[in-house]
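# Predicted model follows, preceded by the sequence.
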Amino acid sequence: MVHNISNIVIAGAGIMGSSIAQLFAGHGYRVVLYDINDEVLEKSRKLILINQEALAQSGGLSGKNRESIRDNITFSCKKESFERADFVIEAIIEKMEIKHSFWSEISALVPEKAILTSNTSGLSLTEIAKAVRKPERFCGMHWLNPPHICPLVEIINGDKTAPETADIVYDLACDIHRYPVRLKAEVPGFLVNRFQFAVLREAMSLVEAGVAQKEDIDKVFKYGLGLRYACLGPFEIADLGGLDTFYNIASYLFADISDKKDVHEMLEQLYRKGDFGVKTGKGFYDYSGGRDREVIEKRDKDFMKVAKCLYEEE
Ligand SMILES: NC(=O)c1ccc[n+]([C@@H]2O[C@H](COP(=O)([O-])OP(=O)(O)OC[C@H]3O[C@@H](n4cnc5c(N)ncnc54)[C@H](O)[C@@H]3O)[C@@H](O)[C@H]2O)c1
Ligand SMILES: O=C(O)[C@@H](O)[C@@H](O)[C@H](O)[C@@H](O)CO
C-alpha cells in the first residue's frame, strides 16, 4: 500500500471501471465499484468474470488472485461509499456536463485528503476541475483499454493540480505494476490519442487516395511497426535506424504526410450510418455472425501473450 491508500472507489462500472476495479482488487486494495443502478452493477459482475476467464485461459490469473478479486470488490449504488474513499477514479460517461455534475456532488462527500482522478479520454482536466471542491487534489489518470492488460497510465495535471497529487497517483500506479507517464502540460488527446489519431489520419488518407487497402495497412502494423512499437519507442527506433538516414527521410517526407484538418469522408459515412465498429456489428470491417465476440477474445488472448512475454519478468 502506498501513501496509506487502501479504499479505492471507482465511479462508473462500465468497460473501464470494471476492469480497473479487477486490477486494484487483485493487488489487495479494497475497491468499491459504484454506478447508478443495480442492473449496471450486475453487468459489471459478469464482465469481470468474463475478463477473469480470459486471463485464466492465458495463464495470467492464479487461484489466489481470483480469490483476492472476489473478496476485495464491493458493488454499490450508494453515494455514502465515497465518504470513506482514500482514492477515487471517475470512469463515467465522456460528457463534460455529466462529469461536472458528478464531481460537484462527490468532491463534497469525500474526505478532505482523498485523491481524486478522472479517466477522461481527452476532456480538459482544468475544465473538469472547475466542479471539483479543492481541485489541488484532482488530476487525470488515463488508462488504456483493456486496463487490466495494458500497463500504461497517463497522468495529466489540471492548472490547479498540486504536484504532490500527481506524485501520489504515480506511486499508486507503480504499486500495481503499471507504467505511468506524466505530461508536463495539458494538451488535447494527451499523448496516447495524439499518436493514435496521427496514425489513423494517415491510414485513412492513404486508403482514400487509393494507395493501399485497409487490410494491408492493418498488416503493416500487425507484422511490422507493431512488433517494433511493442518493444521500442519512436526515438529508440530512430537511434537504431541511424539519425542521418532519419534526417534525410524527414527532409523529403514530412511535406507529403497528411495534415488534414477535418474528418475523412470514410469515417464520416460510417459514423452517419451508425456503423460504430465491434459494438454495432459493423465498422471498417464486418463483425456480424458472432465475429464481435471472436475479435474481442482474440485481442485479449494476443495481448496477454505479448504482455506475458514482455512485461512479466520486469
Ligand atoms: N472505452 C475506452 O476505450 C476508454 C479508454 C480510456 C478512457 N475511457 C474513458 O473512461 C470513461 C468511461 O468509459 P467506458 O468505456 O468505461 O464507458 P461505459 O459506457 O462502458 O461506462 C460508463 C459507466 O458510467 C456510468 N455512469 C454514468 N453516469 C454516472 C454517474 N453520474 N455516476 C456513476 N456512474 C455513472 C454508466 O452507467 C456506465 O456504467 C470515459 O470518460 C471514457 O472516455 C474509455
Ligand atoms: O485507446 C484507448 O484505450 C484510449 O486512448 C481511450 O481514451 C480512447 O477513448 C480510445 O478508446 C478511443 O480509441
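Yep, it's here. Numbering: from 1, shown residues only. Ligands and ions are numbered 1, 2, ... in the order given.
# Residue 226: what's it in contact with?
For residue 226, the contact set (C-beta atoms under 8 Å, 6 or more residues apart in numbering) is empty. Using the backbone N, CA and C atoms, a C-beta is placed for each residue, glycine as well.
# Can you name the residue of the stretch 151-300 of the chain nearest to ligand 1?
For the stretch 151-300 of the chain, the residue closest to ligand 1 is residue 192, as judged by C-beta to the nearest ligand atom, at 8.5 Å.
# In this structure that residue contacts residue 143, no?
No. If you go by C-beta atoms under 8 Å, residue 192 and residue 143 don't touch, sitting 9.7 Å apart.
# what helix or strand does residue 139 sit in?
strand 138-143 (DSSP states H and E).
# So that strand, near ligand 1 or not?
Yes. For strand 138-143, a contact with ligand 1 is found by C-beta under 6 Å from any ligand atom, at residue 143.
# can you start the count at 56 instead of 1 from here on
Done: numbering now begins at 56, and the last item shifts to strand 193-198.
# can you list contacts of that strand?
So strand 193-198 is contacted by 71, 75, 144, 158, 162, 170-176, 180, 183-184, 187, 205, 207-213, 215-216, 220-221, 224, 228, 241, 245, 247 (C-beta under 8 Å, 6+ apart).
# now swap in stretch 123-141 and tell me
Against stretch 123-141 from outside (C-beta under 8 Å, 6+ apart): 59-64, 68, 76-77, 79-93, 96, 99-100, 103, 107, 143, 160-161, 164-166, 168-170.
# average pLDDT for stretch 275-290?
Averaging pLDDT along stretch 275-290 gives 96.
# Can you list which of the contacts of stretch 123-141 are found in strands?
Members of these lying in strands (criterion: DSSP state E): 62-64, 85-89, 143, 170.
# returning to what we had before: neighbouring strands of the strand holding residue 194 in the sheet, and parallel or not?
Next to strand 193-198 in the sheet, as set by DSSP bridges, lie strand 170-173 (parallel), strand 207-212 (antiparallel).
# List the contacts of the spatially most central residue of the chain.
Nearest to the geometric centre of the chain sits residue 199, at 2.1 Å (C-alpha atoms, centre = their mean). Counting by C-beta under 8 Å, 6+ apart, residue 199 makes contact with 205, 207, 247.
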